[in-house]
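Enquirer: sequence unknown, structure follows:
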Ligand SMILES: Cc1ncc(C[n+]2csc(CCOP(=O)(O)OP(=O)(O)O)c2C)c(N)n1
Ligand SMILES: Cc1ncc(C[n+]2csc(CCOP(=O)(O)OP(=O)(O)O)c2C)c(N)n1
Ligand code: SF4
Ligand code: SF4
Ligand code: SF4
Ligand code: SF4
Ligand code: SF4
Ligand code: SF4
Ligand SMILES: [Mg+2]
Ligand SMILES: [Mg+2]
């Protein structure tokens, strides 16, 4: 690229990411979250002491996206796996990356108890209101009336309940250092989310506390919406149900 | 009893209880809660349509204390079992009776999701801050500093977290009709708890909604305290950590 | 009589649907049939293929080592399945997207510009139906009408009217474009 | 040489501890030994018993059909275990609580007022040690000193001083009160 | 003549003593009698003071007490089921 | 001369179009070129308008974009890691 | 023949369940069986049944326990890792003598593995993956038609013997389309009554459902009664298919998907003059030991072919008991051998 | 002999684990193994190890997965229903080739059952209760001394072969006291390094731990490599005890608690002139098929005695392969037969 010689690179692929191509659908926020996490790891210079715990979900390969040690956890158990790693090697920085089916349905108990014990881990919680990987079933976070393959008429709160607000739930506990909800639907929110992920990691490294960063994300495939429309849906609808911002900051 | 002939019986064993003797230790509140539940079933006249779901815990025999249909659920899964019964036969009144290990540790996910779906069941939650049946291990509700066989130096919040406040957690959800915390440490509180249990059952029958009645209870054996001293401990210490009263009443 | 077809392409090219319609057509004609998709990764994207076996007796293996007909809707599919076509079978190559031609001389090659033909019909999405028409012709065991009927049943209510018409025309076009029978 | 003892009573009468001390005494004397509690229901209360087997060779079954000595600290225990004592064995009956006597004539009965003796010593809780003393004597394979040493080890630091003394005296009293050997 | 009477089912009683504390009139005490499970049994030590208020029964974890009251005063006690 | 340059890795790009929307200056468009996975690839349709602000790169879910900026203006972009 | 429909194995099992009177389904998504959950979500409520997408497989099986205890025909479905999570609950169902139908559309393992077809869960299904001495009635369909029929049978047998029944399918069968003639729908009201069920203790004493018996003698009795029913099932419910066994001097034993693939192998082998037969167990518990043992007297070898490291193989060897060699050919990890792979192994034995 | 201590089986296994270098324990209370959890709670932190009372058995096994992946010697313990809940996690451990030690102090089942000693979890332990083609190294101690020794061995074997190891005990062994000479404590730092472990990717490429392989060919390869290790274990690690077999014309096969009770039976039988021998498998996976098969050549019958409906019995029959009759005697539900109960069965065979 001879013409770039007078130019400096101002945005490069984070060094802590491997070269592997993401397996996500076009426009999926999982990729963006991966990049943000990579940027944060770079910024804090912790690539060589970080362990990524990948969930079962579309992010099942997450352990391979990073030039960090990584482990693939059973569906819903990433927080327990992260606990095991952190307790065994407290000097490591442990990131549990989980979807909403993983964290808020099958992993509810592990999520709440890891938070309640104040495990010194960082949980990245990707709330895309659907089970992406298995083909678009209802998640605990699916909006009232939202259609999914397992609620073809839309989520009926009378029999399926209302969307579970995880950050709010975790914020009722005494131990967590930092609980926040972020979104990625435009550049401003991407920047804020980046800050939040960094802070959560910093708290783990410096204060040895528990953080949950809930990220309201899209699933263009599951929602059957083009990516840009999905972003607008987040801005206009989803963030009404899942208000953004910090819920707890005891750092 | 010839001398009682001029007297009327003003307190009798509830009709909905069987004649079996409770297997609880002397002074254990489980027995009292059983009696209160029996009284409430009698009062509402629902013995012939009630199903008791017994947990694994000291109350494992609970299905045999009542002249109602009963089922013994796997440890922690009473809320799921209750869901199954209620969905299969919505005309039944389903009571899930659970200890704090059962409901708030292993059963966390089932507890939260049954509540979040607003299953039309009544959950009686016996918070005695310990695993009674297995010999006095720490429960999620064990107080900070409280000794138990699995935390012989006392619960250390730094590694074990603080006591989990279940009623508060459930109260953050949208679906529950009635969430309350009661105690049994004196006659006044026994009377209040009796009202609460009745209300919870009534809401199930009349409004088809979910209720959780958390009852702060003793475990003289696990606490290594005589029953009366245990009551005083509840009054003076436990209710400070677990404040009494209604948290949600949408009935 | 037992015949097997592999439909292969990118996800989104509609090869699974084309295979399903063939399977339904076979069932409607009273044949035994199996349709087996590569249900692939629990992930999005990538390639897709399915195998359809038609027979006048109960079908054993739904997996077929040497299909009689292979439809390759894109390059990678041709690369993958070319070598497996039965001696004397037919490879239908979507020549709109694939410039390469099979090297084997013991199979017949049909170069079918499926996307171009679909575009000509004013509906790019019916490339798979064009291809299916070709498959039916190459296979030679089912009347085109069976495929048309099955297509209608498969697409259901939404296929009434114009959409049905264009799909039918696509099937016919593919059928017409292709020489009958295997080699 | 293989001998077995069953210690039985209400929960709270300390029969498990008494059995444990016997087991420790046997170990300290270089014997093989097993102590098996009825770890009973996952519930509180009820009765308790344990079986101690002592031997000079490795022990097979820790379950014993016909123990050489049975200590019955309460009535239900006597009812339950009386019939199982080996012919020629000994039944030690806590006569403070049990008025009944075994009907069998092929076993020796020792009527031991364990609670009364303990109360005489000013420490009602040591009835189990009185009983253990009797068991050691009836069994006749361990010196009393072994039991005393094991008791001290088992009770640990809290048994120093007066408590240790009263326990030792209790052991001695039970030992002295009982005739040596089996029948 | 006492207004009430608390009848303890000795075989159900576990001697926990909660009724003793619960009785506002000091009627009950743990007796020296042991039941077949080895528990000391609660009994009316001062039967004459009993009002039939049923607080003891409402407190008993083993539902071992039934309470009787003089006919005149027979409003049903809160929480008891008759 | 443009101040910046967004370089799209065509094989990583999935044609989602988010960068197109994210660019405040309308620099990017989905091109008619398809990559080997069959996706249309984003490209600079108006390179001259590029400021090197890196918003496109920060938005790209597949980390398919790297951004260059004129040396003078080389303050590091928020969220990017250099 | 009834009107045939083109259905996947997953859909056919779901529809057959509804037609068999299933009125309570609890499940959790997992590939390759999501279509069962989805089918139930859209069809069961219409039939007046209860559908809940549970928070986990553990919750789902325990909801089944509740609904089954309430006397309603109940089903759950999952795939390998999800079935593992259900095992405590399955052991409880067995211990409480509750009828329930469980579908395992198995996939490659262990662990997360992958979603390709596999038969690595045979031990789990037939020997009791959960704790304690229990058995499940385990039916192994090989075609979509058979999947529908065995789903029906599973409900009937499970009710009759009060033993949970498991359909052991795999991803291939779950995902493939075949024509299927569906059984006639049955009205749940017409099914035999369940006097033991929790329906409210009106006009009778209370019914209790539990797997709990503190006293070993009581628990032994419960077990002995249950095992007596197991013996009955073994005596009455053995099912298997034989293909070309009458003159065979070589036998393949294979079940499910592998069993149907083996049929093609038999045809090919016969074409080449090899007198190959196929023994395809349909009930894998109870396993048809005796009929297989008899055939083993007459052949040179019994080749077991499985999508596993050799699980049913142990049952085959228990049946053959040394009467002839018992070679094994298996693939793991979701690899499915082709007919000619198998034929190669057959020729090795011949 | 080292100084002997009087310990329960539960305590001895816990202490042996610490001495073997176990530095991470995750558990959940369940009778009859609570003493293991409690022992770890009071002793492991002092040894610098991590102790967590998990929120459930599922959480506990997954914490083990994490700690094991981090390269630390890791253990969990439970009893039957709790082990069922761990099976998905165990399958993951196996699939990710992680060493880990699991103690099952088994009890009566199925379902809640009771807490009495039982051997109804043999199939679950040895055939892979979880999904997929995996095996655990399964060691069955019969005395407290052996429990301590096998706990030590379990850690060593598990590390060496990267295969999870399970100690199959029962409530009786867990609760009984016996003198035990404990192994010498080992410094975790002195154990062989684990270059595959998650320790932070410093100075090397990243390490990944997973049981996931989307492509069947990859998953097959992982399985084949693992099964090659299984073959190695079968070749090198068989352990069993024989008592009075040299001149025996009748053989009892029994393991664990039942195995030690059978020793008393052998003595009693010999006293009555019956030439009875005992074959006691110590590794129940790998099962000592060949040595048992050889003995079977020389005896009139092989009687299997189990606290179950006949689970190890299948392995015995696989070993004997029809060489002689293979009668069975078992009790269920926590009932433990006495030596004379067994002797009665022996006489029936004689
Ligand atoms: C025990 C178990 N249950 C179910 C599954 C199937 N499964 C895979 S991913 C997934 C849910 C994915 O949804 P989510 O966690 O929201 O992640 P997303 O794909 O939306 O990012 C499920 C149910 C599994 N692999 N294991
Ligand atoms: C799956 C499973 N795990 C553990 C146990 C053991 N167990 C029995 S009761 C109990 C906890 C009892 O505590 P809690 O629920 O607080 O009831 P309590 O006895 O205090 O009333 C446990 C862990 C079990 N039976 N099953
Ligand atoms: S299915 Fe949804 S969450 Fe999964 S990769 Fe595709 S868009 Fe992303
Ligand atoms: S152990 Fe505690 S909770 Fe259990 S019965 Fe005894 S006092 Fe009650
Ligand atoms: S409260 Fe009940 S159990 Fe307790 S002493 Fe009084 S009568 Fe007895
Ligand atoms: S009825 Fe009232 S007054 Fe009488 S004994 Fe009971 S508490 Fe005391
Ligand atoms: S760097 Fe900024 S101006 Fe240039 S293309 Fe990207 S978003 Fe547009
Ligand atoms: S955002 Fe990335 S993947 Fe999407 S079109 Fe732009 S460059 Fe391509
Ligand atoms: Mg999701
Ligand atoms: Mg409790």
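Expert: Thanks, I have it. Predicted, not measured: the structure shown is a model, and the values here were computed from it. Ligands and ions are numbered 1, 2, ... in the order given.

Enquirer: C-alpha only now, for contacts and for neighbours.
Expert: Will do.

Enquirer: what about the chain, any weak spots by pLDDT?
Expert: All of this is about chain A. Applying pLDDT under 70 to chain A picks out residues A:1-5.

Enquirer: Oops, wrong one, chain C.
Expert: Residue ranges of chain C with pLDDT under 70: C:40-46, C:157-160, C:180-183.

Enquirer: which ones are touching the residue nearest the centre of chain C?
Expert: Centroid-nearest residue in chain C, with CA atoms, centre = their mean: residue C:132, separated by 4.1 Å. By CA atoms under 8 Å, 6 or more residues apart in numbering or on different chains, the contact list for residue C:132 reads C:18, C:19, C:22, C:171, C:174, C:175.

Enquirer: The helix or strand the first one falls within - contacts with which helices or strands?
Expert: Spelled out, that is residue C:18. Following DSSP states H and E, one finds residue C:18 within helix C:15-28. Here helix C:15-28 touches strand C:2-10, strand C:32-37, strand C:47-55, helix C:127-139, helix C:144-155, strand G:4-8, strand G:177-181, going by 3 or more CA pairs under 8 Å, 6 or more residues apart in numbering or on different chains; DSSP states H and E.

Enquirer: Quick check: next helix or strand after the last one?
Expert: Read that as strand G:177-181. Next element after strand G:177-181 (DSSP H and E): strand G:208-209.

Enquirer: Just the buried ones among the contacts of residue C:132, please.
Expert: When the contacts of residue C:132 are checked for burial by 16 or more other CA atoms under 10 Å in any protein chain shown, the buried set is C:18, C:19, C:22, C:171, C:174, C:175.

Enquirer: now those as JSON lines including distance to ligand 8?
Expert: Output for these, formatted as JSON lines (distance: CA to the nearest ligand atom, whole Å):
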{"residue": "C:18", "distance to ligand 8": "30"}
{"residue": "C:19", "distance to ligand 8": "31"}
{"residue": "C:22", "distance to ligand 8": "36"}
{"residue": "C:171", "distance to ligand 8": "34"}
{"residue": "C:174", "distance to ligand 8": "34"}
{"residue": "C:175", "distance to ligand 8": "38"}
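
Enquirer: hang on, the earlier thing: the helices and strands packed on helix C:15-28: which one's closest to residue G:33?
Expert: strand G:4-8 (10.4 Å; CA to CA).

Enquirer: relative orientation of the longest helix along chain C and helix C:127-139 in degrees?
Expert: Looking across chain C with DSSP state H, the single longest helix is helix C:161-177. Calculated by axes from the mean of the first three to the mean of the last three CA atoms, to 10 degrees, helix C:161-177 forms an angle of 40 degrees with helix C:127-139.

Enquirer: what packs against helix C:161-177?
Expert: The contact analysis (3+ CA pairs under 8 Å, 6+ apart) places helix C:161-177 against helix C:114-120, helix C:127-139, helix C:144-155.

Enquirer: what comes up buried for that helix?
Expert: C:164, C:166, C:167, C:168, C:169, C:170, C:171, C:172, C:173, C:174, C:175, C:177.

Enquirer: what does stretch C:146-165 give?
Expert: C:146, C:147, C:148, C:150, C:151, C:152, C:154, C:159, C:164.

Enquirer: and which of those is nearest residue H:214?
Expert: residue C:154 (30.7 Å).

Enquirer: Tell me, how many residues neighbour the spatially closest residue to the closest one that is not a sequence neighbour?
Expert: The shortest distance from residue C:154 to any non-neighbouring residue, by CA to CA, 6 or more residues apart in numbering or on different chains, is to residue C:21 (6.4 Å). When neighbours are counted by other CA atoms under 10 Å in any protein chain shown, residue C:21 registers 26.

Enquirer: pretty sure residue C:21 is touching residue C:147, no?
Expert: Yes - counting by CA atoms under 8 Å, residue C:147 is a contact partner of residue C:21 at 6.5 Å.

Enquirer: just the strands in chain A please.
Expert: Remark: strands assigned in chain A by DSSP state E are A:7-11, A:50-54, A:69-72, A:93-99, A:122-127, A:178-183, A:211-216, A:245-249.

Enquirer: now the second one and strand A:93-99, what's the angle there?
Expert: Between the axes of strand A:50-54 and strand A:93-99, defined by the same axes, to 10 degrees, the angle is 20 degrees.

Enquirer: List the strands paired with strand A:50-54, with their directions.
Expert: strand A:69-72 (parallel), strand A:93-99 (parallel) (DSSP bridges).

Enquirer: swap in the last one?
Expert: Each strand paired with strand A:245-249, and its direction, by DSSP bridges: strand A:178-183 (antiparallel).
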